[in-house]
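Student: 3D, please:
(chains A and B)
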Amino acid sequence: MVEPIVRNKDEIVRIKTHIQGFDEKMQGGIPRGHITLIAGSAGTMKSSLSFNILYHEALLNNRVGLYLSLEQSYSSIINHVINMDYDLTKINLVVVRELSQLPQEVEKVNASKKGSLIIVDIGCVRKEIKDVRVDENRSWLNVLKNVVKKIKEQSRLDLFVLDSMSALHTLSKFKNPRIEIFYVFEFLRDLNITSFVLTETPLDGSKIGDFDEDFLSDGIIYIRLTSYRRKQIREISVLKMRTTSCDHDTYSLEFKGGNFVAAYGGQNPLM
Amino acid sequence: MGIARSIRRAIGRGEKTIQPSWVLDLKSKVLNAPKISSYHNGKEEVILVGTQEGKLYQMQSNGRVMWTFNAGNTLSEQELMFVDSETVNSINTVPLVAMLGTTQVILFGTESGSLFCINTEGKQIWKGTTQGPIRGQPILSNFKGKESVIVGSNDGNVYLFSHKGEIIEVIELESPVETSPLHTKEMLIVGTREGEVIAINKESEIAWRFKTEDRITANIIPAILSEKGGEVLLVASQDNTLYALNFEGEAQWTFPTEGALISEVVAQDINGDNKKEIIFGSCDNKIYCIDANGELIWSYETDFWVTATPIVADIDKDGTIEVVAGSYDHKVYVLDSQGDYKLDYIPGLGGVVNQSGHYSNTMHTEVGKNQGKLFCTYSLEGNIVGAALSGSGAIIANTKQGKVYNIRVDY
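Tutor: Numbers count the residues shown, from 1 in each chain, chains lettered A, B, ... in the order given. As a prediction, the model looks like this:
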């Protein structure tokens, strides 16, 4: 599906990141249908931040989001966010542990009046299918595409988180990663869903994306850890956001009172 | 060459025109050429076309669909999640029509790794299974002393099936096979996704390997190019190069282009000099005609990739051979097989000349050489992925978007 052309900028629908003090720095959020990289080294809360978007969009805007985890198990994710004080009873949480159960799980989305957050745990699926004959080179990429497509076709799907691109590369053993990832991005664009692709960066932030995904994506939100004396501070900035006038300042990223907050834009918070 | 023909050549374009006869929309992508075959000792000509959704259509020469065979889904729900749902059942091989004993059958492979044997009424006789996509046409051959159906698979093996569909032997190559096997000089020769040409001897051992720089999807063609030149294997690779190999797997010459070579070449004597010329398309948008030594005779530039194997035949029965090539630019080109001679250097004219039919109508060429000469062209709706010539002289052309055209060149 080709991205619709708007008549004026007010018609551009934006998806909030639900980070206080951050959305207003990019005209209210990320344009719907964009593919945004959430890039950062280990420990920068990429997964939590993307979960935060899906949770609040389900809670406040009745949207359906899919969280595809290639690394972390569903129980680990759920325990982690409960510990962060997310009240999962307020949304329709659906967990897919077996691919064969996907139609039944999707039915739960259709039956619920609440917004939904679907977690697909590929780790569980890997155990489930160990005897299935598959072409090892392409199969996990096809799982990603088929899961997304089936949910989109059989229910509705507004938001998608891939956690992570690095794990997908490892699992799928891409022969030509740049071309494969180009087609993954094209596939997501054709479905007209707003996607967040998590990608690992080196600790020094020397590069974002190993396979040109920074060029292919519509937006990049970069989170980094900065050492200050004996503290580690998370900092967030928008490196790129198409169709958006944004403030590229670096903000401190904090999680307090159950909310992400971006503060001290353009300033050193500790001075 | 007749006087009238000479006059026509002298005055430039011929008067050939292309007329459409019928078009059929199969409503699914088509990725290969049609197969035109005769049943009942040549009394009945049929057209076979396989689609990406896994259906094989048999049509009469007037375009009426006689039957459809659904290669269907052979995978479980779980397995289906691991494959590309749009292409899993795709029929990417041109079907083989052959006699198995006394029965005329149609053999073709699918992307899910199945080899189907069906009768000419579209009923399944047997189905064989490999563990990877089948992308090359099966062959029927007597490689191991008994006739068998031989097919290469992307699982890295070559399979020999009995007439009843039982696996007789699996020859392990550990390189995904993309082409139809060629049985020649007591060897089976295949091209692989890794860019290798692999020759297998009768003991099922690898006799030799030849490495190109990219995938080989074009069938390997044996050809005696000239009386002196001996027999060679013509290997078109996606590394942009055409290789002529001897039967020990050594390159005799190469012909580089600037685009990938997707489909097999045609080797045919087009000018009566008892040497075969080689005609093929490239993803550098050109159709090439080269001589038996790998030297360019002429080329013709279209506006997009040429992935389909050209038809080289006297399609309008005027006594001379034409080259018909379909391009991704949606057009069928009918070219003079001998090209058009450009004069040597004339002061003031330089090296920029017209190429009739080309979008810019100018191109750079070396003076004193032949260049492609267009007779006529016809636009179809879609990228042309394959074409074949029927016994009645009609061109059957498939487009990627799933349309089958019957067009005729009038003279």
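Student: Residue A:16 contacts residue A:54, doesn't it?
Tutor: No: the criterion here is CB atoms under 8 Å, and residue A:16 misses it with residue A:54 at 11.5 Å. Using the backbone N, CA and C atoms, a C-beta is placed for each residue, glycine as well.
Student: Give me the more crowded residue out of the two.
Tutor: Counting neighbours by other CB atoms under 10 Å in any protein chain shown for residue A:16 and for residue A:54 shows that residue A:54 has the greater number, 26 against 17.
Student: Count the neighbours of the residue of chain B found nearest chain A for me.
Tutor: Chain A sits closest to residue B:82 of chain B, with a gap of 3.9 Å, by CB to the nearest CB. Using other CB under 10 Å, residue B:82 has 23 other residues around it.
Student: That one and residue A:145 touch, don't they?
Tutor: No: Residue B:82 is beyond contact range of residue A:145, at 10.4 Å (criterion: CB under 8 Å).
Student: Look through every helix and strand of chain B and give the one with the lowest mean pLDDT.
Tutor: strand B:363-364 (a mean of 48; mean pLDDT, DSSP states H and E).
Student: Could you pull out the helices in the stretch 51-200 of chain A for me?
Tutor: For the stretch 51-200 of chain A, the helices defined by DSSP state H, counting those that start in this stretch cover A:74-83, A:102-111, A:122-128, A:139-154, A:165-172, A:177-191.
Student: And the third one, what does it pack against?
Tutor: Just to be clear, that refers to helix A:122-128. Here helix A:122-128 touches strand A:64-69, helix A:139-154, going by 3 or more CB pairs under 8 Å, 6 or more residues apart in numbering or on different chains; DSSP states H and E.
Student: The last one to helix A:177-191, inter-axis angle?
Tutor: The reference is to helix A:139-154. Here helix A:139-154 runs at an angle of 10 degrees relative to helix A:177-191 (axes from the mean of the first three to the mean of the last three CA atoms, to 10 degrees).
Student: residue contacts, residue 169?
Tutor: Since no chain was named, I'll use chain A. Residues near residue A:169 by CB atoms under 8 Å, 6 or more residues apart in numbering or on different chains: A:177, A:210-211.
Student: let's do chain B instead
Tutor: B:144, B:159-160, B:204.
Student: which helices and strands sit right next to the strand or helix carrying residue B:69?
Tutor: Under the criterion of DSSP states H and E, residue B:69 resides in strand B:65-70. Packing partners of strand B:65-70 (3+ CB pairs under 8 Å, 6+ apart): strand B:55-60.
Student: How about the strand it packs on, which residues are buried there?
Tutor: B:55-59 (16 or more other CB atoms under 10 Å in any protein chain shown).
Student: What strand or helix carries the residue positioned nearest the centre of chain B?
Tutor: Central residue of chain B (CA atoms, centre = their mean): residue B:309, 3.8 Å from the mean position. When elements are assigned from DSSP H and E, residue B:309 belongs to no helix and no strand.
Student: In this structure it contacts residue B:287, no?
Tutor: No: contact criterion CB under 8 Å: residue B:309 and residue B:287 do not qualify, at 10.7 Å.
Student: what touches both of those two?
Tutor: With CB under 8 Å, 6+ apart, residue B:309 and residue B:287 have common neighbours B:280-281.
Student: shaky segments in the stretch 151-271 of chain A?
Tutor: A:268-271 (pLDDT under 70).
Student: Could you check which residue of it lies nearest chain B?
Tutor: Closest residue of the stretch 151-271 of chain A to chain B, CB to the nearest CB: residue A:175 (9.0 Å).
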